[in-house]
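Visitor: Got a predicted structure plus its sequence, pasted below:
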Amino acid sequence: IQDIALEKLAKVCDLNELDQIRVQYLGKKGELTGVLRGMGALSKEERPVIGQVANEVREAIENRIEELKEELKQRVREAQFKAEKIDITMPGKKVASGKKHPLLKSIEELENIFMTMGFDIVDGPEIETVYNNFDALNSPEDHPSRDESDTFYITDNILLRTHTSSVQIRAMENRKPPIRIVSTGRTFRFDAVDDTHSPMFHQLEGLVVDKHVNVANLKHTIDLFIREIFGNQLETRFRPHYFPFTEPSVEVDVACFKCLGKGCESCGGTGWSMELLGCGMVHPKVLRNCGIDPEEYSGFAFGLGLDRIAMVKYGINNIRLLFENDKRFLQQF
Ligand code: FA5
């Protein structure tokens, strides 16, 4: 029995097979166990002799099985180590990193510019009262921008703000002059989508109220931040315009960032960028609506389209690209 068992054990390659052999010889119904059980039928003289031999055989088989068990376990461990070995010379997996959205980059850049100019950054809600968005801003009852075809109303008195100028009212009601604030955020209008219009877009509002504030201060501020954001001494052109909340009111044209005013494909040969901002001196009625005496104080305000600033700055010819979240587009900035 010992010879056959050891011979079989010599051929064992895994722990399963080893266990099968253990059961075959040493298990309850095993061959050797059978011999030991049969001892009772033997004579007194035979019993110790056979018993000793049987025990020696059992010990030999058990010992060999224990040895093999250790050996096989070791082999399994080694194979595992080999399989799990890390080749540190292999190139690593590339981690896809996100990029800042060009619009966010423009907003952060502008906020920094205005902060260094001494402006406070303030927030305002996207859901506004009709009073803050229109009435307090001196907007006539029959002004077309109030129309339901232009503005998203939530109730008769509540709407999605159509511009960030509503933050002017909040600032003047909550602060005392001198006031110098900038506010950025989303605005909403019933505008049809085209390359430069979106029903949801972003504006930056600026407001300065103090004693002796004049148009020259306004023009200087505009010229300064245009130069800072575009990193170039770009020419500006002030065109008379009408806003109910400023008087005088102007729209500002900025020379094309690409050709610096010479005329190129991106500006359609005009030398000027698309319409970027409106501004003016705060209307005395608006100051009065907010409890500020126009005899003592004056102010200027401006509102610019942030999406369009980002478009000009990063050479983006379609506003839709800013809102589609196409990774291939966003990864370029
Ligand atoms: C206003 O909204 C005024 N509140 C700006 C202002 C503030 C004037 C303070 C005076 C004092 P306007 O409607 O022109 O003005 O919009 C300002 C800018 O927002 C535009 O020059 C343009 O750059 C941007 N804009 C307007 N409508 C859209 C739109 N649908 N999609 C993208 N940008 C737009």
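Guide: Okay, I see it.
Visitor: Where do the helices of the chain begin and end?
Guide: 2-10, 15-26, 31-37, 46-84, 102-116, 130-133, 166-174, 215-230, 284-289, 306-314, 327-330 (DSSP state H).
Visitor: Can you give me the neighbour number for the residue of the stretch 201-333 of the chain found nearest the ligand?
Guide: In the stretch 201-333 of the chain, no residue comes nearer to the ligand than G305, which is 2.2 Å away by C-beta to the nearest ligand atom. All C-beta spots, glycine's among them, are computed from the backbone N, C-alpha and C. G305 has 24 neighbours, counted by other C-beta atoms under 10 Å.
Visitor: With mean pLDDT and mean neighbour count added, can I get the helices of the chain in TSV?
Guide: Shown next, in TSV, are the helices of the chain (pLDDT from 0 to 100; neighbours: other C-beta atoms under 10 Å):
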stretch	mean pLDDT	mean neighbour count
helix 2-10	84	14
helix 15-26	87	16
helix 31-37	81	15
helix 46-84	87	13
helix 102-116	96	17
helix 130-133	97	19
helix 166-174	97	22
helix 215-230	93	17
helix 284-289	98	18
helix 306-314	93	23
helix 327-330	90	12
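Visitor: contact partners of stretch 36-43?
Guide: 47, 50-51, 54, 58 (C-beta atoms under 8 Å, 6 or more residues apart in numbering).
Visitor: Export those as a markdown table, with columns for distance to the ligand.
Guide: Converted to a markdown table, those look like this (distance: C-beta to the nearest ligand atom, whole Å):
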| residue | distance to the ligand |
| --- | --- |
| R47 | 106 |
| I50 | 103 |
| G51 | 101 |
| A54 | 98 |
| R58 | 92 |
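Visitor: Turn the helices of the chain into a markdown table, columns for distance to G268.
Guide: Below are the helices of the chain laid out as a markdown table (distance: least, C-beta to C-beta, whole Å):
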| stretch | distance to G268 |
| --- | --- |
| helix 2-10 | 90 |
| helix 15-26 | 80 |
| helix 31-37 | 100 |
| helix 46-84 | 63 |
| helix 102-116 | 22 |
| helix 130-133 | 33 |
| helix 166-174 | 33 |
| helix 215-230 | 19 |
| helix 284-289 | 36 |
| helix 306-314 | 13 |
| helix 327-330 | 23 |
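Visitor: D191: which of these is closest?
Guide: helix 306-314 (11.9 Å; C-beta to C-beta).
Visitor: Just name whatever secondary elements that closest one is in contact with.
Guide: If contacts are counted by 3 or more C-beta pairs under 8 Å, 6 or more residues apart in numbering; DSSP states H and E, helix 306-314 sits against helix 102-116, strand 200-210, helix 215-230.
Visitor: relative to strand 200-210, how tilted is that helix?
Guide: Counting by axes from the mean of the first three to the mean of the last three C-alpha atoms, to 10 degrees, helix 306-314 lies at 100 degrees to strand 200-210.
Visitor: What lies in contact with helix 306-314?
Guide: With C-beta under 8 Å, 6+ apart as the test, helix 306-314 has contacts from 102-103, 105-107, 110, 184, 196, 198, 201-204, 229-230, 254, 257, 273-276, 316-317, 319, 322, 333.
Visitor: Name the residues of the stretch 201-333 of the chain found near the ligand, please.
Guide: Residues of the stretch 201-333 of the chain lying close to the ligand (C-beta under 6 Å from any ligand atom) are 201, 203, 243, 246, 249, 275-280, 301-305, 307-308.
Visitor: isn't I107 right up against S183?
Guide: No: using C-beta atoms under 8 Å, I107 makes no contact with S183, being 10.9 Å away.
Visitor: what do those two both touch?
Guide: Counting by C-beta under 8 Å, 6+ apart, the shared contacts of I107 and S183 are L204.
Visitor: so how far does stretch 182-196 reach from one end to the other?
Guide: 23 Å (C-alpha to C-alpha, to the nearest Å).
Visitor: Sorry, slip of the keys, the one I care about is stretch 88-100.
Guide: Start and end residues of stretch 88-100 are separated by 32 Å (C-alpha to C-alpha).
Visitor: same question, stretch 29-43
Guide: First-to-last residue span, stretch 29-43, C-alpha to C-alpha: 23 Å.
Visitor: Distance from that stretch to the middle of the chain?
Guide: Computed by C-alpha atoms, centre = their mean, to the nearest Å, the chain-centroid distance of stretch 29-43 equals 78 Å.
Visitor: Same check on stretch 66-77?
Guide: On C-alpha atoms, centre = their mean, the centre of stretch 66-77 falls 53 Å from that of its chain.
Visitor: ok, and what's touching it?
Guide: The contact list for stretch 66-77 (C-beta under 8 Å, 6+ apart) reads 9, 12-15, 18.
Visitor: Closest one of those residues to P178?
Guide: Using C-beta to C-beta, the shortest approach to P178 within those belongs to L15, at 84.9 Å.
Visitor: With that, I have no additional questions.
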